[in-house]
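1. Sequence first, then the predicted structure, then my questions.
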Amino acid sequence: MTALHGVRFAFGTLTVLPVRVTRWDRDAARAGMLCAPLAGLVVGLVAAALGGVLLLLGAGPVLAAVATAAVPAVLTRGLHLDGLADTADGLGSGRPAEDALRIMKQSDIGPFGVITLLFVLLAQVAALSELYAQGWAPGAAAATLSAVTARLALTLASRRGVPAARPEGLGAAVAGTVPVRPAVGAVALVTAAAAAAGAHAGPYAALHAAVAVGCALGAAQVLLRHCVRRFGGVTGDVFGALAETAGTTALVFLVLGGPGGTGPG
């Protein structure tokens with residue numbers, strides 16, 4: 001039952017899919033954040049499927065990449081992108097923690113947020129376009145791995161020892177709920193799955209996929225530590241920023257240094 005509530009929590013809070021969250025306690029939050037990569041898997045598969053359909057219909061890799069990048073935004077109501085923009089505004093303000101958190105809660109997006117959104121989305125589309133240019137399989141695999149890794153970053157950010165910056169909101173609900181060992185286990189499971197998925201293209205591709213997960217999580221952890229220092233903890237906006245950072249880093253790394261020098265596969 002706890003696992004079922006966890007799946008409901010993950011899909012109900014991290015996607016727009018019609019899943020009702022039936023419990024909002026710490027146990028459900030812990031299970032939900034451990035199930036976050038599963039929600040990412042569904043999002044990634046839908047994104048990859050849309051990209052594949054467009055390629056089959058004769059669309060070029062750029063259009064397929066745009067559609068693929070749009071799917072996670074649609075399936076999350078843009079919450080992760082909004083969190084990225086708000087976090088960029090808070091960090092870029094240079095204000096004390098209380099003032100920065102107030103800026104992040106405002107409904108408008110400032111210049112730091114706009115610029116960050118622009119470059120992150122451009123990076124996602126550019127990376128996916130390069131991968132789709134090699135065929136549907138590399139682009140689809142990258143879209144799926146990116147979405148899973150983005151949500152895995154949220155699992156790590158929910159581990160014990162990471163405080164909440166505010167007493168309310170999603171950050172407060174999930175902060176510190178996941179024990180360290182299960183969080184590390186989730187990382188190991190996703191990394192192994194990524195390597196297995198890339199193994200069909202050879203050992204280098206398997207290693208490349210696994211390292212992409214590690215680099216993406218590393219980038220998210222650097223941002224997490226900075227946000228904890230600046231804001232005193234995590235918020236829902238910070239979680240969105242972590243997801244976008246990890247997902248984008250994974251895509252970029254899959255393009256850089258891939259087999260043949262152009263990407264995975």
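-> Yep, it's here. Numbering: from 1, shown residues only.
2. How many residues are close by residue 19?
-> Other residues lying near residue 19 total 16 when counted by other Cβ atoms under 10 Å. Every residue, glycine included, has its C-beta placed from N, CA and C.
3. Residue nearest the middle of the protein, spatially speaking?
-> residue 150 (2.0 Å; Cα atoms, centre = their mean).
4. tell me which strands and helices the helix or strand encompassing that one is in contact with?
-> Using DSSP states H and E, residue 150 falls within helix 136-157. Under the contact definition 3 or more Cβ pairs under 8 Å, 6 or more residues apart in numbering; DSSP states H and E, helix 136-157 sits against helix 2-14, helix 26-34, helix 36-56, helix 61-75, helix 111-133, helix 180-198, helix 203-231, helix 236-255.
5. Return the most buried member of those.
-> helix 236-255 (a mean of 27; mean count of other Cβ atoms under 10 Å).
6. Can you list the low-confidence ranges for this protein?
-> 1, 258-265 (pLDDT under 70).
7. Tell me the secondary structure at the residue of it most remote from its centre.
-> In the chain, residue 58 marks the outermost C-alpha relative to the chain mean, sitting 29.0 Å out by Cα atoms, centre = their mean. Going by DSSP: H, G, I helix; E, B strand; the rest coil, the secondary structure assigned to residue 58 is coil.
8. Phi and psi next, for it.
-> Dihedral pair for residue 58: phi 100, psi 0, per degrees, to the nearest 10.
9. Same question for residue 178.
-> The phi/psi pair for residue 178 (degrees, to the nearest 10) reads phi -100, psi 120.
10. Now do the contacts for the nearest residue to it once chain neighbours are set aside.
-> Spatial nearest neighbour of residue 178, excluding adjacent residues (Cβ to Cβ, 6 or more residues apart in numbering): residue 158 at 4.5 Å. Residues in contact with residue 158 (Cβ atoms under 8 Å, 6 or more residues apart in numbering) are 29, 30, 33, 174, 175, 176, 177, 178, 183.
11. now with 7 Å?
-> Taking Cβ atoms under 7 Å, 6 or more residues apart in numbering, we find residue 158 in contact with 33, 174, 175, 177, 178.
12. Make CSV out of those residues and add distance to residue 254.
-> As requested, the contacts of residue 158 are exported to CSV (distance: Cβ to Cβ, whole Å):
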residue, distance to residue 254
33, 25
174, 28
175, 30
177, 30
178, 26
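13. Compare those residues and tell me which has the most neighbours.
-> residue 33 leads the contacts of residue 158 on contacts (other Cβ under 10 Å) with 31 neighbours.
14. roughly how far apart are the closest residue to that one other than its chain neighbours and residue 148?
-> Spatial nearest neighbour of residue 33, chain neighbours left out: residue 158 (4.1 Å); criterion: Cβ to Cβ, 6+ apart. Note on residue 158: its distance to residue 148, by Cβ to Cβ, to the nearest Å, is 16 Å.
15. Residue 254 too?
-> Separation of residue 254 from residue 148 (Cβ to Cβ): 13 Å.
16. Over to residue 134?
-> Distance from residue 134 to residue 148, by Cβ to Cβ: 20 Å.
17. three-state assignment of residue 18?
-> Relying on three-state DSSP, one would call residue 18 coil.
18. State the number of residues packed around it.
-> Residue 18 has 7 nearby residues by other Cβ under 10 Å.
19. Residue 91 is in contact with residue 103, correct?
-> No. Applying Cβ atoms under 7 Å, one finds residue 103 not in contact with residue 91, separated by 9.8 Å.
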